[in-house]
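*Asks:* Pasting the sequence and the predicted model now:
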Amino acid sequence: MSDAVAFVVPVPPSLNSCFVNAAGKGRVRSAEYKAWMDAAGFLLASQRPRRVDGPYQVIIRLPKEMRGDIDNRGKPLIDLMVKHKITPDDRHLHKLTIERTPGIASACVSVMTWEG
């Protein structure tokens, strides 16, 4: 796998709690999601990951002891990578693997160019 990039950020909130209904505005980002995006973005920037261009795949490792579903934690992480220009628009994501991993406390993310 060429062009691999890896970084660690806090576990994102569940996608179910990332957006709330706001009178007159519809769906908007929740305070929890904004706070996570800011904190995770700061930590991500401090790790200085380089950009992965073109089609890509992502492996996300989450703490085994984490409460809740793992399948709705991917979208916030993918959006974080796009926002910080680690990856292009997520329409270029070809494969996403999310797994629980013992012995970790944060979200560990690996991004590789898609070679499929």
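*Replies:* Ah, there it is. Note that the structure is predicted; figures quoted are calculated from it, not measured.
*Asks:* hey, which helix is longest across the protein?
*Replies:* When the chain is parsed with DSSP state H, its longest helix is helix 31-47.
*Asks:* So which residues make contact with that helix?
*Replies:* 7-10, 12-13, 17-19, 29, 76, 79-80, 83-84, 86 (CB atoms under 8 Å, 6 or more residues apart in numbering). (Each C-beta comes from the backbone N, C-alpha and C, glycine too.)
*Asks:* tell me which element the most centrally placed residue in the chain falls in.
*Replies:* The centroid of the chain falls nearest to residue 77 when counting by CA atoms, centre = their mean (1.0 Å). Using DSSP states H and E, residue 77 sits in helix 74-83.
*Asks:* Determine the set of other helices and strands touching that helix.
*Replies:* helix 31-47, strand 56-63, strand 93-101, strand 107-113 (3 or more CB pairs under 8 Å, 6 or more residues apart in numbering; DSSP states H and E).
*Asks:* so where is this structure shaky, pLDDT-wise?
*Replies:* Across the chain, the ranges flagged by pLDDT under 70 are 1-3.
*Asks:* switch the cut-off to 90
*Replies:* Along the chain, the model assigns pLDDT under 90 to residues 1-4, 115-116.
*Asks:* What residues of the longest helix of the chain count as buried?
*Replies:* Buried residues in helix 31-47, counted by 16 or more other CB atoms under 10 Å: 33, 36-37, 40, 44.
*Asks:* Ok, stretch 70-84 next?
*Replies:* The neighbour-count check on stretch 70-84 (16+ other CB under 10 Å) flags 70, 72-74, 76-82, 84 as buried.
*Asks:* so who does the closest residue to residue 20 other than its chain neighbours touch?
*Replies:* In space, and not counting its chain neighbours, residue 20 is closest to residue 30: 4.8 Å by CB to CB, 6 or more residues apart in numbering. When contacts are counted by CB under 8 Å, 6+ apart, residue 30 touches 13, 17-20.
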